[in-house]
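K.L.:
the following block contains a protein sequence and its predicted model.
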Amino acid sequence: MFDSADTRPSGAPRAARLPRERTHHGHTFLDPYEWLRDDDPAVTAYLRAENDWFDACTADQEELRRSLVADIAVRTQQTDLSVPVRVVHDTDRGPVAYWYYRRFVAGDSYPVQVRLRTDAGPDELPPRPADAPDTEEILLDLNARAEGHDFYQVGLLDVSPDGTLLAWSEDTTGDERFIVRFRDLVTGEELPDTLLEAAWGGVWAGNEALVFTRCDEAWRPFQVVVHELGTPAGEDRVILTETDEKFWLSVDASRDRRWVVVASASKDSTECALLPATDPYDTPRVVLPRTPGLEYDVEVGPDRLWITHNATLGEERAVDFAVATAPFTAGTLDDWTPVVRPCPGVRVLGVDAYATHQVIHVRHDGALDAYVVPAGAWQLPAAEPVRADLLPGRSVAAALAGVGTAGPATVQALPLPELRPHRIRAVFTSLVDPQTVVECELSTAGALTDEPAHVLRRTPVLDHPEHGAYRPEDYLQSRVWATADDGTRVPISVVHRRDVPLDGTAPALLYGYGAYEISIDPEFSIPRLSLLDRGFVVALAHVRGGGELGRTWYEDGRLLHKRNTFTDFVACARQLVTAGYTRPERLVAEGGSAGGLLMGAVANLAPDDFAGILAEVPFVDPLTTILKPELPLTVTEWEEWGDPLTDPAVYDYLAGYSPYENVAAQHYPKILVTSGLHDTRVAYVEPAKWVAALRHAAANADADILLRVEMEAGHGGVSGRYEGWAERARELAWVITVAGA
């Protein structure tokens, strides 16, 4: 099905062009590489030939790859542990507290999940055990579970309310279809119960039943299932089946474990329901029936529901979302009481409700923050709602101002399992600040105090034998702005060493995503140091389609506005050149998944603006995929990209920017494409078809267009930290080579 390497001087594999057609709305598209979707040994042979071609073309980068892996390894504290979280279990003997954390050991690819019995009260800081104490209890050794598998990841990991049972789920192929297993933590024995076709997540309902979601053939979580321990396989009770293919199901537990929250959500509407944990077979109680365009999520507080929503209450439509409270018996909008009014430009992200306070998560001017509001400050339920920019509590970012950062930080308050925590836990990071976990004191009334924050853990960055100790002040991070074609100002986060000359001579890497309202927040990365210390400028393009500047920023980059994502990115690339950070022949673009679609689009749109493009698991054949409702995720994606099956305008719009369908006989930047054979989100066939089309039409040398497929992985790439380091080193070695660094 393809020409073997020894028949062409270049050695590059050439996929056969077979006569297949696709006709919709009067348009016929000749798709010569659709055969790569077939379950055929010739397809596997072709993918392996592409991997061989990649290896041959990048063999001279092997020493650089080893150097990059060594960089990461020497800077990483390989024997380490996470910050413990205190969990109190209600047992027959009364409350029993444990510290839960995960431990990494040098040489192990995976962590070990452990817990440590403690008599510490909620006012005590977590311990920092350096070595495994005799009393440490291993819950799950992922290294032992991963033995014999080329891929391993855990989805669910949850201990029963009384602390005696562990439920976990595992995926050994990368297709994100999990098997749920159980362990008795008293005896250490694994139970015979095994649940198949599970999606991510699941929660305990009491100490004898697990509520989880099951996937359909299209990889959509479509059923909520209750498994009571000991129930024979195939006899679990399905309590909810979602028949609308645009909706996904998920389950979560309330902080007090009294309720299971069941959410059915599409891209633009939601329906949440409450299920009593004491009777998981009960009919879920709907908080508000689904309405097109109305999104909300539910946080269960001690005495009421806290609802983050975009509904219209009164005369205000909450475009950037607002907060309301409601009784547990809520069933209509009339039951909702406004608490936080919407404010344009302040995106309200959610609420964590505790007994003494609430934490309101927001995004303002592109930055994450959270406000801690004492429960008494609301004067519920009669108080006048406050605007999202005038919250009565104190900002977590403000409370951390004295901790010390080298620049603007991303601040995120972390949820805690206790109803009455004595502190707020938060994490901050930036492009130059390693991730730092802190706790801030609360008063008895639930307000943040002025006491200094406790630094629990700052991600270690060990000394490099060549570059010495890591010093944040040696690097400069900044926010610059590009102007898009329509005049919109687009933010860019930039970082580089202070001694890098900004005269256009530096190599640069520009990353972009721009979809699903996902924000690419500035954060620290040890592998990125290998670029920065080689003189790179690294930039993040916060293009429309993401959520950095609120809901409107997202809406302006989806559906029939999707082209804004692509033109924004090109504007960011050109701004880096104009500002003297780099020049086109030294600039590499990077993006993955929906960001890989961005990479494919800009390759067609502005090939002369980049030296190279790194497209990871790229969604580059969107029209073919979205026209096939039987494929995984297709129907759920119509609200993000449009429905070309029924709407000719959407068909034409997608056809106009689909990277695969717009490959031209022009010179492209050098392109490296990655994929995973078991990817359920972006099937390997999309990047494979795109590379085949590029190699056929582009005016490039065959070595300029490369494809590497992980044959034992899915959308997230390889599993295991050392394998992940090697994978990233492969990509960075290519970036460094293409940028001429």
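P.N.:
Alright, I've got the coordinates.
K.L.:
so which helix or strand takes in Leu349?
P.N.:
Using DSSP states H and E, Leu349 sits within strand 346-353.
K.L.:
all strands of the stretch 551-700 of the chain, in order?
P.N.:
All strands of the stretch 551-700 of the chain, identified by DSSP state E, counting those that start in this stretch, fall at 587-592, 612-616, 670-676.
K.L.:
check which helices and strands the lengthiest helix in the chain sits against.
P.N.:
Across the chain, the longest stretch assigned as helix under DSSP state H is helix 721-739. The contact analysis (3 or more Cβ pairs under 8 Å, 6 or more residues apart in numbering; DSSP states H and E) places helix 721-739 against helix 62-75, strand 508-512, helix 526-532, strand 587-592, strand 612-616, strand 670-676, strand 705-710. All C-beta spots, glycine's among them, are computed from the backbone N, C-alpha and C.
K.L.:
what's the pLDDT at the closest residue in space to Pro629 that isn't next to it in sequence?
P.N.:
What sits nearest to Pro629 in space, not counting adjacent residues and going by Cβ to Cβ, 6 or more residues apart in numbering, is Val635, at 5.3 Å. Looking at Val635, its pLDDT is 90.
K.L.:
just give me the neighbour total for Val635.
P.N.:
21 (other Cβ atoms under 10 Å).
K.L.:
one more: Asp39?
P.N.:
By other Cβ under 10 Å, the residues close to Asp39 number 6.
K.L.:
and it, helix, strand or coil?
P.N.:
Secondary structure for Asp39, judged by DSSP: H, G, I helix; E, B strand; the rest coil, is coil.
K.L.:
ok, so what distance separates it from Trp219?
P.N.:
Asp39 is 17 Å from Trp219, where distance means Cβ to Cβ, to the nearest Å.
K.L.:
strands along the stretch 1-150 of the chain, start to end?
P.N.:
With DSSP E, counting those that start in this stretch as the criterion, the stretch 1-150 of the chain has strands at 2-3, 14-15, 21-24, 27-30, 80-81, 85-91, 94-104, 112-118, 136-141.
K.L.:
give me the domain ranges for this protein.
P.N.:
33-74+468-621+658-739, 300-459 (automatic domain parsing).
K.L.:
from one end of the shortest one to the other, what's the distance?
P.N.:
Between the opening and closing residues of domain 300-459 lies a distance of 33 Å (Cα to Cα, to the nearest Å).
K.L.:
quick one: average pLDDT of that domain?
P.N.:
pLDDT averaged over domain 300-459 gives 91.
K.L.:
give me the phi and psi for the residue nearest to Thr356 when sequence neighbours are not counted.
P.N.:
The shortest distance from Thr356 to any residue other than its chain neighbours is 3.3 Å, reached at Gly446 (Cβ to Cβ, 6+ apart). Here is the backbone geometry of Gly446 (degrees, to the nearest 10): phi 90, psi 20.
K.L.:
for Gly446, what are its contacts?
P.N.:
354, 356-357, 372-376 (Cβ atoms under 8 Å, 6 or more residues apart in numbering).
K.L.:
from Leu476, how far off is the closest residue to His467 other than its chain neighbours?
P.N.:
Closest residue to His467 apart from its sequence neighbours, by Cβ to Cβ, 6+ apart: Asp533 at 5.3 Å. Computed as Cβ to Cβ, the Asp533 to Leu476 distance reads 14 Å.
K.L.:
and what of Gly514?
P.N.:
Distance from Gly514 to Leu476, counting by Cβ to Cβ: 25 Å.
K.L.:
looking at these two, which is more packed in?
P.N.:
Ranked by neighbour count (other Cβ under 10 Å), Gly514 and Leu476 place Gly514 first, with 30 against 19.
K.L.:
right, and the strands of the stretch 1-150 of the chain - which one's nearest Arg341?
P.N.:
Judged by Cβ to Cβ, the one of the strands of the stretch 1-150 of the chain that comes nearest to Arg341 is strand 85-91, at 33.5 Å.
K.L.:
who does the closest one touch, helix- and strand-wise?
P.N.:
Strand 85-91 packs on strand 94-104, going by 3+ Cβ pairs under 8 Å, 6+ apart.
K.L.:
how about a cut-off of 10 Å?
P.N.:
Other helices and strands packing on strand 85-91, by 3 or more Cβ pairs under 10 Å, 6 or more residues apart in numbering; DSSP states H and E, are strand 94-104, strand 112-118.
K.L.:
of those, flag the one that's most buried.
P.N.:
Most buried of those, by mean neighbour count (mean count of other Cβ atoms under 10 Å): strand 112-118, with a mean of 20.
K.L.:
and the angle from that one to strand 94-104?
P.N.:
Angle between the axes of strand 112-118 and strand 94-104 is 140 degrees (criterion: axes from the mean of the first three to the mean of the last three Cα atoms, to 10 degrees).
K.L.:
neighbours of Glu21, just the number please.
P.N.:
Glu21 has 10 nearby residues by other Cβ under 10 Å.
K.L.:
for it, give its distance to Tyr33.
P.N.:
Applying Cβ to Cβ, the value for Glu21 to Tyr33 is 13 Å.
K.L.:
Gly487 now?
P.N.:
Remark: distance between Gly487 and Tyr33 (Cβ to Cβ) = 39 Å.
K.L.:
which one's more surrounded, those two?
P.N.:
Tyr33 (22 against 6).
K.L.:
in contact with that one, which residues?
P.N.:
By Cβ atoms under 10 Å, 6 or more residues apart in numbering, the residues touching Tyr33 are 15-18, 20, 46, 621, 660, 685, 688-693, 696.
K.L.:
quick revisit: export the strands of the stretch 1-150 of the chain to JSON lines and append columns for mean pLDDT.
P.N.:
As requested, those are arranged in JSON lines below (pLDDT from 0 to 100):
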{"stretch": "strand 2-3", "mean pLDDT": "52"}
{"stretch": "strand 14-15", "mean pLDDT": "95"}
{"stretch": "strand 21-24", "mean pLDDT": "94"}
{"stretch": "strand 27-30", "mean pLDDT": "95"}
{"stretch": "strand 80-81", "mean pLDDT": "92"}
{"stretch": "strand 85-91", "mean pLDDT": "94"}
{"stretch": "strand 94-104", "mean pLDDT": "94"}
{"stretch": "strand 112-118", "mean pLDDT": "94"}
{"stretch": "strand 136-141", "mean pLDDT": "95"}
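K.L.:
thank you, goodbye.
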